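In: Need a 3D model of the following:
(one chain, ligands or ions: 1)
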Amino acid sequence: MAILQTRQLTAFYGDFQALYGIDTTLDAGETVAIIGANGAGKSTFLKAIAGLIHGAADSVLLDGTPIGACAAADIVGLGVALVPEGRRLFPSLTVEENLLIGRYGRKMAGPWTLDRVYGLFPVLKARRHSATPTLSGGQQQMVAIGRALMSNPRVLLCDEISLGLAPIIIADIYAGLPQIKAEGTSVVLVEQDIVQAMKVADRVYCFQEGRLSLTGRPRDLTREQIHRAYFGS
Ligand code: ATP
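Out: Numbers count the residues shown, from 1 in each chain. Model (predicted):
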């Protein structure tokens with residue numbers, strides 16, 4: 001059974017409909033990428049799974065159980081953690097304090113400890129007593145990922161973790177993904193960088209104006225199919 005499933009997921013901001021009947025599945029240990037142009041609904045999709053906006057209760061299922069009406073804090077407790085767009089770190093706190101916040105109040109057993117996060121991103125250990133605004137953008141992104149891992153999620157939702165970063169830094173961040181997968185964590189990546197998404201994803205979903213326009217394994221999809229699904233022409 002899929003660990004995470006969306007069934008006819010819709011989402012609204014007031015009267016504006018951002019998602020239309022999205023059906024997806026995520027299997028245990030799988031990495032799925034969500035691609036699509038600006039405004040396609042990718043972040044909204046992650047927010048709906050994370051409980052930051054709500055559709056129908058049974059439009060998001062975790063292990064077959066509806067979680068679509070659950071509060072965001074409860075969803076973290078169930079093992080689904082979001083790395084939000086823009087990182088959302090606490091600027092007055094140190095790297096280590098930000099990481100520890102990810103563990104606060106969580107009782108999920110699992111492999112992720114401070115030491116494991118420092119093993120994944122060694123630069124964070126060297127900077128552990130620094131306030132996060134003094135870190136580079138890439139290092140801040142590592143803190144945001146580490147903070148989410150500290151809750152020992154079974155599903156990690158990543159929103160645009162490469163946005164605004166230099167290619168070499170993006171490579172450093174993505175180098176951590178195999179270790180995260182090796183712990184059995186399933187990953188949903190929202191990624192505008194299609195090349196990066198294709199490299200790491202087991203399967204890809206393309207969104208276009210709030211609708212699913214294409215799905216498949218990267219090796220089975222042609223450039224033309226992706227271009228059409230992405231831009232609609
Ligand atoms: P981007 O890459 O720009 O973040 P996206 O694919 O993640 O794009 P969303 O952020 O999910 O897209 O936005 C989908 C649609 O919903 C867009 O038309 C956007 O303008 C709209 N939208 C997003 N957030 C809100 C909001 N808080 N209030 C109203 N409309 C919103």
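In: interface residues of this structure facing the ligand?
Out: 13, 16, 18, 36, 38-44, 192 (C-beta under 6 Å from any ligand atom). In this view, the C-beta of every residue, glycine as well, is placed from N, C-alpha and C.
In: now the strands for this protein?
Out: In the chain, the strands defined using DSSP state E lie at 4-13, 16-26, 31-35, 60-62, 65-66, 80-83, 155-159, 186-190, 203-208, 211-216.
In: relative orientation of the second one and strand 4-13 in degrees?
Out: Okay, so that is strand 16-26. Relative orientation of strand 16-26 versus strand 4-13 (axes from the mean of the first three to the mean of the last three C-alpha atoms, to 10 degrees): 170 degrees.
In: So what angle separates the directions of strand 16-26 and strand 211-216?
Out: Per the same axes, to 10 degrees, the angle that strand 16-26 makes with strand 211-216 is 20 degrees.
In: Could you list the paired strands of strand 16-26 along with their orientation?
Out: strand 4-13 (antiparallel) (DSSP bridges).
In: try the fourth one
Out: Based on DSSP bridges, the strands next to strand 60-62 in the sheet, each with its direction, are strand 4-13 (antiparallel), strand 65-66 (antiparallel).
In: Rounded mean pLDDT for stretch 188-199, please.
Out: Mean pLDDT, stretch 188-199: 90.
In: Same question for stretch 148-160.
Out: 94.
In: Could you work out the end-to-end span of it for me?
Out: Taking C-alpha to C-alpha, to the nearest Å, stretch 148-160 runs 14 Å from one end to the other.
In: Distance from the chain centre to that stretch, please.
Out: Centre-to-centre, stretch 148-160 and its host chain are 6 Å apart (C-alpha atoms, centre = their mean, to the nearest Å).
In: Kindly report the same for stretch 177-192.
Out: Centroid separation between stretch 177-192 and its chain, computed with C-alpha atoms, centre = their mean, is 8 Å.
In: Okay then, goodbye and thanks.
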